[in-house]
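Enquirer: got a predicted model here, sequence first, then my questions.
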Amino acid sequence: MDQRLEEIVSFYTGYDEAGRLDRRGAFRLERIRTMELLEQFLPPAPASILDVGGGPGAYARPLLGAGYRVRLVDLVPAHVEQARSGQPPIDAVVGDARELPEPDAAHDATLLLGPLYHLQDRDDRVRALREAVRVTRPGGVVVAAAISRFAGPIDFAVTGRLTPAIVEESRQILADGINHPGLGFTHAYFHRVADLITELREAGLTGIVVHGVEGPAWGAADATAGTPAEQSVFDGALQLARICGTEPEIVAASAHLLAIGVRQTSGR
Ligand SMILES: C[S@@+](CC[C@H](N)C(=O)[O-])C[C@H]1O[C@@H](n2cnc3c(N)ncnc32)[C@H](O)[C@@H]1O
């Protein structure tokens, strides 16, 4: 396994990804809004969904519960084990988004909620997207998550980490999109909206729409945690996220971007 993949496996092997979406207000917004968007864009159950980078099964499990047929592929063996052993158990296998262990056109929809921000090279991201297109039937949808280029600086501000060194780090992230692990997380790539759209288009997807997931107030939801305003700010942030979903000037203020595209019915 190459060094970049080893970094990802080693990071997640010592990290509680299964509990992540409950840990912070911003992550709870991420879960609720991602699920809402999946409900909006996935074909109805019992469609077949491939969840690539599905981790321990945060979305695979509720989709299974809703009657979908779900298969999960993830790079991290510990995640695959958690996916298989939880309730209900998920049909899960270790694999790399760039080379999926799946036949052509095998699924009605493919989720790519993780690999795009872990793949630092554009060629690798387009390759992962092309693989998602290959395994999705013509007319099926691909749903791909990215981290916004501006998520880092907003997060540093919310968590009170705006030291001169971190402001300098923010300048560098804004310039090239590469996150360095000194600040937590792994090496990663943070997208601009226009680049995300171009990558999906290059992979052969059409009808592309990009939604801001958490909306512009996710930082406030985090910053008020543990205060009397926590619940009302969270509720307001969720409403704002829904209102601002595809508003072009503010989409990138969300921490996550969710891009949805359709596999063409002819050609690819
Ligand atoms: C932050 S987790 C997201 C998990 C879940 N999809 C979610 O949205 O909550 C990112 C996931 O992507 C997986 N991943 C990263 N690079 C990958 C690759 N090249 N192929 C498959 N999975 C990958 C990681 O192992 C991890 O489980």
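Expert: Good, I have the coordinates. Nothing here was measured: the structure is a model prediction, and the numbers come from that model.
Enquirer: which parts of the stretch 51-200 of the chain sit against the ligand?
Expert: By Cβ under 6 Å from any ligand atom, the residues of the stretch 51-200 of the chain that approach the ligand are 52-55, 58, 74-76, 79, 96-97, 113-115, 118. All C-beta spots, glycine's among them, are computed from the backbone N, C-alpha and C.
Enquirer: buried members of those into ChimeraX, please.
Expert: ChimeraX command restricting those to the buried ones, with burial defined by 16 or more other Cβ atoms under 10 Å:
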select :52,53,54,55,58,74,75,76,79,96,97,113,114,115,118
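Enquirer: got the contact list for the residue of the stretch 51-200 of the chain found nearest the ligand?
Expert: Among all residues of the stretch 51-200 of the chain, Gly114 sits closest to the ligand, at 2.6 Å; criterion: Cβ to the nearest ligand atom. Each residue near Gly114 by Cβ atoms under 8 Å, 6 or more residues apart in numbering is listed here: 52-55, 74, 145.
Enquirer: ranges for the helices of the protein?
Expert: Applying DSSP state H to the chain gives helices spanning 3-13, 25-41, 60-65, 77-85, 115-118, 122-135, 151-158, 164-176, 193-202, 218-223, 230-244.
Enquirer: buried deepest among the ones you listed, which one?
Expert: Across those, averaging neighbours per residue (mean count of other Cβ atoms under 10 Å) puts helix 115-118 on top, at a mean of 25.
Enquirer: for the ligand, see how far away Pro43 is.
Expert: Relative to the ligand, Pro43 is positioned 19 Å away (Cβ to the nearest ligand atom, to the nearest Å).
Enquirer: please renumber the chain so that the first residue is 595 from this point on.
Expert: In the new count, where the first residue is 595, that last one comes out as Pro637.
Enquirer: now do the closest residue to that residue other than its chain neighbours against Gly801, distance only.
Expert: Among residues not flanking Pro637 along the chain, Asp702 sits closest, at 5.1 Å (Cβ to Cβ, 6 or more residues apart in numbering). According to Cβ to Cβ, to the nearest Å, Asp702 and Gly801 sit 16 Å apart.
Enquirer: which residue packs closest to Arg731, ignoring adjacent ones?
Expert: Closest residue in space to Arg731, ignoring its immediate chain neighbours: Ala699 at 4.4 Å, by Cβ to Cβ, 6+ apart.
Enquirer: touching, that neighbour and Pro732? I think so.
Expert: Yes: with contacts counted by Cβ atoms under 8 Å, Ala699 reaches Pro732, the gap being 6.7 Å.
Enquirer: residues contacting the closest residue to Leu777 other than its chain neighbours?
Expert: Closest residue to Leu777 apart from its sequence neighbours, by Cβ to Cβ, 6+ apart: Glu763 at 6.4 Å. Glu763 makes contacts with 746, 750, 774, 776-777, as judged by Cβ under 8 Å, 6+ apart.
Enquirer: what's the closest of those to Arg786?
Expert: Nearest to Arg786, judged by Cβ to Cβ, of the contacts of Glu763 is Gly746 at 13.0 Å.
Enquirer: first-to-last residue distance for stretch 811-826?
Expert: End-to-end distance of stretch 811-826: 12 Å, with Cα to Cα, to the nearest Å as the criterion.
Enquirer: got the angle between the lengthiest strand in the chain and helix 716-729?
Expert: Longest strand in the chain, counting residues (DSSP state E): strand 730-742. If you take axes from the mean of the first three to the mean of the last three Cα atoms, to 10 degrees, strand 730-742 sits at 150 degrees to helix 716-729.
Enquirer: helices and strands around strand 730-742, which ones?
Expert: helix 619-635, strand 701-706, helix 709-712, helix 716-729, strand 782-785, helix 787-796, strand 850-857 (3 or more Cβ pairs under 8 Å, 6 or more residues apart in numbering; DSSP states H and E).
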